[in-house]
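In: the following block contains a protein sequence and its predicted model.
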Amino acid sequence: MSKRTWRAIALFLLSSVPAWAALNGDIEGVVKDATGAVIPSANVTITSVETGVQRTLVSNERGYFIATLLPIGEYDVRVEFAGFKANVQRVLVKSAERASLNITLEVGPVTDFSTVETAVQLVNTTDPQLSVSIEEKRVKELPLATRDPLVLATLSPGVVPVTAANPFLGSGSFNANGGRGRGNNITIDNVVSTDVSTTGSAGFGTLSLDAIQEFKLITNNFNAEFGRNASAQVQIITKGGSNTLHGTAYEFVRNDIFNARDYFDTTGKASILRRNQFGATAGGAELQLGTAPGLCMDSQSRKVGGARRLRHLS
């Protein structure tokens, strides 16, 4: 191909795909003693809970340290300085966010240490983005009737789902803070996954909820790495594996035998509903299969009003 063709392809990719940095997050902190005085040259070790990969830092003359471009997930932050007990905190790193720690070292032998089980970042003080992040635990435990990850967007304030009566999008999309659903940008691991024919919606039938590490919705004041569409930015980030093989097998059942009759229903029994969603996932540090780091399968068997349909999603 000609140089002009290659240049056009490069420009398209740059304009369509957000920066890879958006899949990572940062940890920053200030190290102090019990009197509030900063401690320079403290040793900081940041260890990934999932993989054991470590990064070592030293606090500067203001007691400040920062670790950038960390893959999302949980980390143990251990701070040590001669004459003080070590301090260990566990922190959750989220996509495109910076976790801030205030670390106080107590006088004592360095072999002793104090721990904080989980350092929770309640307010994002590093940028003006309006965003909601849903971590892996809540993704798996929240009841989603359709098992569609995009439904998680409706948990955010200012989000209104688009109904099936919409002539352009149909059900499955949403409007966020006045922005049109057709302007939503949806990515999976920073690969644009927006339906190119309608935009604002996506077909996630091949993505199991068990494969998701984080679901993030940004509705206003996007940082520079986001672009392409002007409404909400949806980031779906899949799991990156760990040092052990792991997996799940599941079946989600909805059946009218579990349901009560509608109050205004005069038939005497609940409406017919048969829905069975079953599948399995497997993954690990060395096994990278399927649509995410791991093998993900999800199938559905549905019967509504006497008709049955089996749909294989992967």
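Out: Now that the structure is in, tell me what you want to look at.

In: could you list the domains of this structure?
Out: With automatic domain parsing as the criterion, the domains of the chain are listed as 20-119, 130-238, 246-312.

In: run through the stretch 201-314 of the chain and note the low-pLDDT ranges.
Out: For the stretch 201-314 of the chain, the stretches with pLDDT under 70 are 201-206, 284-314.

In: now with 90?
Out: Within the stretch 201-314 of the chain, the stretches with pLDDT under 90 are 201-213, 218-234, 238-314.

In: hang on, the earlier thing: got TSV for the domains of the chain, with mean neighbour count too?
Out: Placement of C-beta: from N, CA and C, glycine included. Shown next, in TSV, are these (neighbours: other C-beta atoms under 10 Å):
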stretch	mean neighbour count
domain 20-119	17
domain 130-238	18
domain 246-312	14
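
In: and stretch 238-258, end to end?
Out: 33 Å (C-alpha to C-alpha, to the nearest Å).

In: same check, this time on stretch 139-157
Out: In terms of C-alpha to C-alpha, the two terminal residues of stretch 139-157 are separated by 17 Å.

In: averaged pLDDT, it. What do you get?
Out: The pLDDT scores in stretch 139-157 average 84.

In: which secondary structure elements does the host helix or strand of T56 sit against?
Out: T56 belongs to strand 54-58 when assigned by DSSP states H and E. Judged by 3 or more C-beta pairs under 8 Å, 6 or more residues apart in numbering; DSSP states H and E, the packing partners of strand 54-58 are strand 43-48, strand 64-71.

In: which one is the spatially most central residue of the chain nearest to, not counting chain neighbours?
Out: Compute the mean C-alpha point of the chain, and by C-alpha atoms, centre = their mean the closest residue is E214, 1.3 Å away. With sequence-adjacent residues excluded and distances taken as C-beta to C-beta, 6 or more residues apart in numbering, E214 is closest to I237, at 4.6 Å.

In: and the one you found, how far from V88?
Out: Noted for I237: a distance of 26 Å to V88, by C-beta to C-beta, to the nearest Å.

In: strands of the stretch 201-314 of the chain, start to end?
Out: Assigned by DSSP state E, counting those that start in this stretch, the stretch 201-314 of the chain shows strands spanning 212-220, 233-238, 246-255, 273-283, 295-304, 307-312.

In: note down every partner strand of the second one and its orientation.
Out: Yep, that's strand 233-238 we're talking about. Here strand 233-238 is paired, per DSSP bridges, with strand 185-188 (parallel), strand 212-220 (antiparallel).

In: list phi and psi for N60.
Out: N60 adopts backbone torsions of phi -80, psi -170, taken as degrees, to the nearest 10.

In: thanks a lot, catch you later.
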